[in-house]
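Novice: prediction below, plus the sequence it came from.
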Amino acid sequence: MNRFRRQEVTAAVVFLLPFVLTYGVLFLWPTIQLAVLSFQKAPLIGEGQWAGFRNYARLLNDKLFATAVWNTLYFVLLSVVPSTLLGLVIALGVNRLKGWTQSVILACFFLPYILPVSVVYRIWMWITDNQFGIIQYPIAAIWGENVSIFRTLPLFMPTVAFITIWWLIGFNVLLFIAGLRNISSEIYEAAALDGATRWQTFRRITWPLIWPITVLVATIQLIMQLKIFDQIYLFGQGGRTDSTLGMVELVYRSAFQKNQGGYAAAVAVVLFLVIVIVSVLQFQLARARGQR
């Protein structure tokens, strides 16, 4: 028995060792180095001086950091909940379709997800162009003139959030479809025999059983949108506007444009901790609700 046990342990070590090494080299060690760098006054590359908590104290007095935090949280509020709920609604509709119709509709929703962000940017810049964009026709009919959407601050974040939802909604729909297909049809047949309405079926059967997928989708979207950079940077015309600054863009600006590696590392550590804390809290709250 001891010999077989040693063989099992050896096999487990052999299979796990590549992952552990990769995880340690590509994630754990850079994370430790990032945390150490955040306590230094240092350039992005090169030696620095130990600064203690000065970088973190600087964050509290930095108006750009406060703006970046607010813009990031605002974007999360505009995108995470709507994309999760809309993905569920679309998945419920697509799941009712059959055959090739379902495949075509699902492909139409998933197609934008495979596009790179540069293509998404170019498509929507054409659509919203102040001179010839197709969306300017209804805007001009309502406001009486064309509107430069991405240069109008109150419209910037909601528009980018809408584009992000359009871009990523296909992935959410796909996850919800997979969850819905795991629900046995016999449960719905029994509910129909008991005279349950569609709303009762959804509230009592579909929603509780699809809840783990909902938590998964919301958590993935939360992590992705807290790290928002590409869309805001591109639609903000290269990130030249402080009013649309996000946390990742602040890291980029501090590190690569101002060569303040220590300060950029402090911002990155704060963002990392926010993602970890919010994700854990969301998971625990969701699990507590599921147990009820």
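Specialist: Yep, it's here.

Novice: separation between Leu115 and Met157?
Specialist: Using C-beta to C-beta, to the nearest Å, Leu115 is found at 21 Å from Met157. All C-beta atoms are positioned from the backbone trio N, CA, C, and that covers glycine.

Novice: so between these two, which is more surrounded?
Specialist: Ranked by neighbour count (other C-beta atoms under 10 Å), Leu115 and Met157 place Met157 first, with 20 against 13.

Novice: how about the contacts made by the more buried one?
Specialist: By C-beta atoms under 8 Å, 6 or more residues apart in numbering, the contact set of Met157 is 71, 74-75, 78, 244.

Novice: for it, what is the enclosing helix or strand?
Specialist: Assigned by DSSP states H and E, Met157 belongs to helix 153-181.

Novice: mind listing the helices for the stretch 1-150 of the chain?
Specialist: 2-23, 29-37, 54-61, 63-95, 99-110, 117-128, 136-143 (DSSP state H, counting those that start in this stretch).

Novice: hmm, back to that, what's the average pLDDT for the helix holding Met157?
Specialist: Helix 153-181 carries an average pLDDT of 92.

Novice: okay, now the unreliable bits of the stretch 1-150 of the chain?
Specialist: 1-4 (pLDDT under 70).

Novice: excluding chain neighbours, what is closest to Leu97?
Specialist: Leaving aside its chain neighbours, Leu97 sits nearest to Ile105 (6.1 Å; criterion: C-beta to C-beta, 6 or more residues apart in numbering).

Novice: could you do Thr31 as well?
Specialist: Closest to Thr31 by C-beta to C-beta, 6+ apart is Phe272, at 7.6 Å.

Novice: near the one you found, how many other residues are there?
Specialist: Phe272, neighbours per other C-beta under 10 Å, totals 15.

Novice: and for Gly144?
Specialist: Neighbour count for Gly144, taken as other C-beta under 10 Å: 7.

Novice: so what's it up against?
Specialist: Gly144 neighbours (C-beta under 8 Å, 6+ apart): none.

Novice: and what of Lys227?
Specialist: Neighbouring residues of Lys227 by C-beta under 8 Å, 6+ apart: 248, 271, 275.

Novice: still on that earlier bit, the residue nearest to Leu97 - how many residues pack around it?
Specialist: Residues near Ile105, counting by other C-beta under 10 Å: 15.

Novice: thought it was touching Asn95?
Specialist: No: in this structure Ile105 lies outside contact range of Asn95 using C-beta atoms under 8 Å: 10.4 Å.

Novice: now render the helices of the stretch 1-150 of the chain as JSON lines, adding distance to Gln260.
Specialist: Formatted as JSON lines, those follow (distance: least, C-beta to C-beta, whole Å):
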{"stretch": "helix 2-23", "distance to Gln260": "29"}
{"stretch": "helix 29-37", "distance to Gln260": "11"}
{"stretch": "helix 54-61", "distance to Gln260": "9"}
{"stretch": "helix 63-95", "distance to Gln260": "12"}
{"stretch": "helix 99-110", "distance to Gln260": "41"}
{"stretch": "helix 117-128", "distance to Gln260": "26"}
{"stretch": "helix 136-143", "distance to Gln260": "40"}
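
Novice: buried deepest among those, which one?
Specialist: helix 63-95 (a mean of 18; mean count of other C-beta atoms under 10 Å).

Novice: output the contacting helices and strands for that helix.
Specialist: helix 99-110, helix 153-181, helix 207-226, helix 247-252 (3 or more C-beta pairs under 8 Å, 6 or more residues apart in numbering; DSSP states H and E).

Novice: out of those helices, which gets nearest to Val120?
Specialist: Closest to Val120 of the helices and strands packed on helix 63-95 is helix 153-181 (C-beta to C-beta; 5.2 Å).

Novice: name the nearest of the contacts of Lys227 relative to Asp62.
Specialist: Leu271 (14.0 Å).

Novice: okay, now the closest one: neighbour count?
Specialist: Neighbours of Leu271 (other C-beta under 10 Å): 20.

Novice: quick one, what contacts it?
Specialist: 226-227, 247-248, 251.

Novice: that older thread, now the common contact residues for Ile105 and Asn95.
Specialist: Contacts common to Ile105 and Asn95, judged by C-beta under 8 Å, 6+ apart, are absent.

Novice: so which of the helices of the stretch 1-150 of the chain gets nearest Asp194?
Specialist: helix 63-95 (20.6 Å).

Novice: for the closest one, what is the distance to the chain centroid?
Specialist: On the basis of C-alpha atoms, centre = their mean, to the nearest Å, helix 63-95 sits 8 Å off its chain's mean C-alpha point.

Novice: again with stretch 214-233
Specialist: 1 Å.
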